[in-house]
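Enquirer: Fold the following and give me the result.
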Amino acid sequence: MYLKVHPTVPEDESSLCYTCRFATVITGRNPHDQIVECMRLYGSDSRVRFAVARCTGYADSRRPTVKDFEDVAWVLRSGSARKRAGFLRPSDPMQIARASEDDEDDE
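Expert: Below is the predicted model:
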């Protein structure tokens, strides 16, 4: 995988690594005592030694992922002549399992 990192950051901005989903930031008592490691990089190159302004592998940890959306999504069941169409709550796994079994029976 090719990853391009640009190290120039204005003085008033912090590194992208602080909000990246793939970064581990360890800070000591002194703000200058800091270790930043990137899970997108491999081997001994995984340590980032400078503040990052732009990164092609950046994933904002403050924004939800597709998995986060799937966890809160409702399942839409298609209707048939004997069943009504509608939404099922994801909190009821038995009802979702029954609905998917019913949909398989219809095919």
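Enquirer: Okay, buried residues for stretch 35-49 please.
Expert: 36, 38, 40-41, 48 (16 or more other Cβ atoms under 10 Å). C-beta: built from backbone N, CA, C; applies to glycine.
Enquirer: what packs against the one helix or strand Ile35 maps to?
Expert: Under the criterion of DSSP states H and E, Ile35 resides in strand 34-38. Under the contact criterion of 3 or more Cβ pairs under 8 Å, 6 or more residues apart in numbering; DSSP states H and E, strand 34-38 touches strand 23-27, strand 47-48.
Enquirer: returning to that earlier point: could the buried residues of stretch 35-49 be laid out in JSON lines, adding distance to Asn30?
Expert: Output for those, formatted as JSON lines (distance: Cβ to Cβ, whole Å):
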{"residue": "Val36", "distance to Asn30": "15"}
{"residue": "Cys38", "distance to Asn30": "22"}
{"residue": "Arg40", "distance to Asn30": "27"}
{"residue": "Leu41", "distance to Asn30": "25"}
{"residue": "Val48", "distance to Asn30": "18"}
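Enquirer: Mind telling me the two of the residues you listed farthest from one another?
Expert: Across the buried residues of stretch 35-49, the longest distance by Cβ to Cβ is 12.1 Å; it joins Val36 and Arg40.
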